[in-house]
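Student: Here is a sequence together with a model predicted from it:
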Amino acid sequence: MMAIRELKVCLLGDTGVGKSSIVCRFVQDHFDHNISPTIGASFMTKTVPCGNELHKFLIWDTAGQERPREGETPLQAPPANSTCSESAPDPLLEGNASPCSAFP
Ligand SMILES: Nc1nc2c(ncn2[C@@H]2O[C@H](COP(=O)(O)OP(=O)(O)OP(=O)(O)O)[C@@H](O)[C@H]2O)c(=O)[nH]1
Ligand SMILES: [Mg+2]
């Protein structure tokens, strides 16, 4: 049985620059000219073989127009047991959330 390595990816950037289109191409190998703007954030996964391992990408695609208010931290790392979109937390949290571990 192949080992699974989890890789966490968070896309940030201005609205309309193509964040969701990149994710859509990577996950579904599809391009949509009429893709809707992301609201809040979306979460997707894709697992690809790499050598003698499986690499599981956990991808958070944020909305470009989102801006944290003063004193708030916009991102929080998911719990270690988070494995699929249904169980993933909303990475956009308010208040005293911890910063995403990928972006210290
Ligand atoms: N021609 C062209 N259009 C693109 C490309 N990538 C994205 N677009 C278009 O640009 C527009 C915005 O793309 P999105 O992927 O929704 O951009 P986004 O950064 O996710 O935007 P938000 O969700 O609002 O933050 C859409 O109409 C896409 O079809 C590209 O490489 N070439
Ligand atoms: Mg988007």
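Tutor: Sure thing, it's come through. Everything numeric here is computed off the predicted structure, so don't read it as measured data. Ligands and ions are numbered 1, 2, ... in the order given.

Student: Please make it C-alpha for all contacts and neighbour counts, starting now.
Tutor: Fine.

Student: mind listing what's buried in whichever strand or helix holds residue 24?
Tutor: For residue 24, the host element (DSSP states H and E) is helix 19-28. For helix 19-28, burial by neighbour count (16 or more other CA atoms under 10 Å) applies to 19-24, 27.

Student: Return only those of the residues you listed found close to ligand 2.
Tutor: Within the set of the buried residues of helix 19-28, contact with ligand 2 (CA under 5 Å from the ion) is found for residue 20.

Student: Can you lay out the buried residues of helix 19-28 as a markdown table showing distance to residue 56 and pLDDT?
Tutor: As requested, those are exported to a markdown table (distance: CA to CA, whole Å; pLDDT from 0 to 100):
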| residue | distance to residue 56 | pLDDT |
| --- | --- | --- |
| 19 | 19 | 97 |
| 20 | 18 | 98 |
| 21 | 19 | 98 |
| 22 | 17 | 97 |
| 23 | 14 | 97 |
| 24 | 16 | 97 |
| 27 | 11 | 97 |
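
Student: Please name the strands paired to the helix or strand just after the helix holding residue 24 in the sheet, noting orientation.
Tutor: Using DSSP H and E, the helix or strand that follows helix 19-28 towards the C-terminus is strand 41-50. Strand 41-50 sits in its sheet next to strand 53-62 (antiparallel), going by DSSP bridges.

Student: So the partner strand, near ligand 2 or not?
Tutor: No. Applying CA under 5 Å from the ion, one finds strand 53-62 out of contact with ligand 2, separated by at least 6.4 Å.

Student: Please save the CA atoms from that strand in CSV.
Tutor: Provided in CSV are the C-alpha atoms of strand 53-62 (Å, rounded to 0.1, in the frame of the first residue of the first chain):
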residue,chain,number,x,y,z
GLU,A,53,3.8,7.8,-2.7
LEU,A,54,0.4,9.3,-3.3
HIS,A,55,0.4,13.1,-2.9
LYS,A,56,-3.0,14.4,-1.7
PHE,A,57,-3.4,18.1,-2.3
LEU,A,58,-5.8,19.9,0.1
ILE,A,59,-6.7,23.1,-1.7
TRP,A,60,-8.4,26.2,-0.3
ASP,A,61,-9.5,28.6,-3.0
THR,A,62,-10.3,32.0,-1.4
